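Engineer: When you get a sec, could you give me coordinates for this:
(chains A and B)
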Amino acid sequence: MTGAQNATVTATGLDHRKMGVWTFLGSECMFFGSLIATYLVYKGKSVVGPYPHETLNIPLTSISTFVLLMSSLLMVLALAAVQRGDALGAKLWLFGTPFFGMIFLGFQVYEFSTFVSEGLTLQVNLFGASFFVLTGFHGAHVSVGVLWLLSLWVLALRNRLTRADALLVEIAGLYWHFVDVVWIVIFTLVYLIQ
Amino acid sequence: MRHPVSQHPPVRIYLLVAAVLSVITAVEVSVFYLTVLARFLAPLLIVLSAAKFSLVVMFFMHLKSDHHAFTGLFVGPLVIAVAITVALMALFGAFVVGRP
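Structural biologist: Predicted structure coming up:
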């Protein structure tokens, strides 16, 4: 059984899969909230360097932030294409979204490797520990989203993603947009407010 | 029984929201480099970030047009997470001016 039209009856009249995803995203708010709180509590308390202002690359991260924002646009375009039965559009945007996600991950890998080469590691100070844990968990979420979207793209390539399956794309999109809004918060609190 | 299908906005709204998000991001990065705004940098950036967050959640995640139960499921834990963050920062003296 696939699609919102064929979903089972629930007491609320709402699709239980969508309800489940929103509940999961609510729990994810708490998860990332704890990581962000930890970063902010330890902010400015490192007794040895490297310090944030010495390492964070704002121009580079601004570009990766823009790429992730645009991937959210491609995600809603993919959903709109599936909803109107536009197979070509669905294939295009369902590839574009994880592709932009992979570009973002590429930026993160470059950033992490640069930081390590400059002496900032998970163990060196409080900034390194809280920064790598926070952004690392976010990167892991992006990776899961990329794999999820690529699996939908493969379904679209095999013409097994129809208008009736729009809810599957919408649910994947909710996860992807959540990953985007978490980065919006991280970009401001970690990178811009130093 | 068919479930109520929420009315999603048209593509032009998505494009408009993406354009606004891009402009806000450009403004965020610009004010970061403006030393005259250094005193107001944190509150200004938090407001801009909250605006971006709200736009994505309302339009891209469709909470503006979807069932209110979904809004409750998301905003409830979000409020708790923000409250815990602020409380922890207060407990650890992050808001104390002139701390070592």
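Engineer: which SSE is residue 89 in?
Structural biologist: Answering for chain A, as no chain was given. helix A:87-117 (DSSP states H and E).
Engineer: that's the wrong chain, I meant chain B
Structural biologist: In this structure, B:Met89 is located in helix B:68-91 according to DSSP H and E.
Engineer: one step back: buried ones in the helix holding A:Gly89?
Structural biologist: Buried residues in helix A:87-117, defined by neighbour count with 16 or more other C-beta atoms under 10 Å in any protein chain shown: A:89-105, A:107-108, A:111-112, A:115. In short, each C-beta sits where N, CA and C put it, glycine included.
Engineer: What is it packed up against?
Structural biologist: Using 3 or more C-beta pairs under 8 Å, 6 or more residues apart in numbering or on different chains; DSSP states H and E as the contact test, the elements touching helix A:87-117 are helix A:58-83, helix A:126-157, helix A:166-186.
Engineer: B:Thr35: how many residues sit nearby?
Structural biologist: Using other C-beta atoms under 10 Å in any protein chain shown as the criterion, B:Thr35 is surrounded by 7 other residues.
Engineer: from chain A, which residue is nearest to chain B?
Structural biologist: A:Gly33 (2.8 Å; C-beta to the nearest C-beta).
Engineer: Wait, A:Val190 touches A:Val133, no?
Structural biologist: No - checked against C-beta atoms under 8 Å, the pair A:Val190 and A:Val133 is beyond contact range at 11.7 Å.
Engineer: Am I right that B:Phe59 is in contact with B:Ile13?
Structural biologist: Yes - between B:Phe59 and B:Ile13 there is a contact under C-beta under 8 Å: 6.4 Å.
Engineer: between those two, which one's more packed in?
Structural biologist: In this view B:Phe59 and B:Ile13 are compared by other C-beta under 10 Å, and B:Phe59 has more residues nearby, 23 against 12.
Engineer: thinking again about what came up before, just name the most buried of the helices and strands packed on helix A:87-117.
Structural biologist: Between these, the one whose residues have the most neighbours on average, counting mean count of other C-beta atoms under 10 Å in any protein chain shown, is helix A:166-186 (a mean of 23).
Engineer: so what's A:Val48 up against?
Structural biologist: A:124-125 (C-beta atoms under 8 Å, 6 or more residues apart in numbering or on different chains).
Engineer: helix, strand or coil for it?
Structural biologist: Using DSSP: H, G, I helix; E, B strand; the rest coil, the secondary structure recorded for A:Val48 is coil.
Engineer: Tell me the predicted confidence for it.
Structural biologist: Here the pLDDT value assigned to A:Val48 is 90.
Engineer: Likewise for A:Met1?
Structural biologist: Predicted confidence (pLDDT) for A:Met1: 41.
Engineer: again, but for the one 4 residues further on
Structural biologist: Note on A:Gln5: pLDDT of 49.
Engineer: Can you list the low-confidence ranges for chain A?
Structural biologist: When residues are selected by pLDDT under 70, those of chain A lie in A:1-9.
Engineer: do the same with chain B
Structural biologist: Counting by pLDDT under 70, chain B has low-confidence residues at B:1-6, B:97-100.
Engineer: In stretch A:17-28, which of the residues would be classed as buried?
Structural biologist: A:17-19, A:21-22, A:25-26, A:28.
Engineer: Do any residues in that stretch lie close to chain B?
Structural biologist: Yes - interface with chain B: stretch A:17-28 contributes A:18-19, A:22-23, A:25-27 (C-beta under 8 Å from any C-beta of the partner chain).
Engineer: which residues touch whichever residue of chain B sits closest to chain A?
Structural biologist: Checking chain B residue by residue against chain A with C-beta to the nearest C-beta singles out B:Ala81 as nearest, at 2.8 Å. Contacts for B:Ala81 (C-beta under 8 Å, 6+ apart) come out as A:29-30, A:32-34.
Engineer: since we're on B:Phe74, how many residues are nearby?
Structural biologist: 21.
Engineer: Then A:Leu189?
Structural biologist: By other C-beta under 10 Å, the residues close to A:Leu189 number 20.
Engineer: Please apply the same query to B:Arg12.
Structural biologist: Other residues close to B:Arg12 by other C-beta under 10 Å number 8.
Engineer: Pull out the buried positions in the helix or strand that contains it.
Structural biologist: In this structure, B:Arg12 sits in helix B:11-33 according to DSSP H and E. For helix B:11-33, a neighbour-count test (16+ other C-beta under 10 Å) marks B:14, B:17-18, B:21, B:24-25, B:28-29, B:31-32 as buried.
Engineer: Good, wrapping up.
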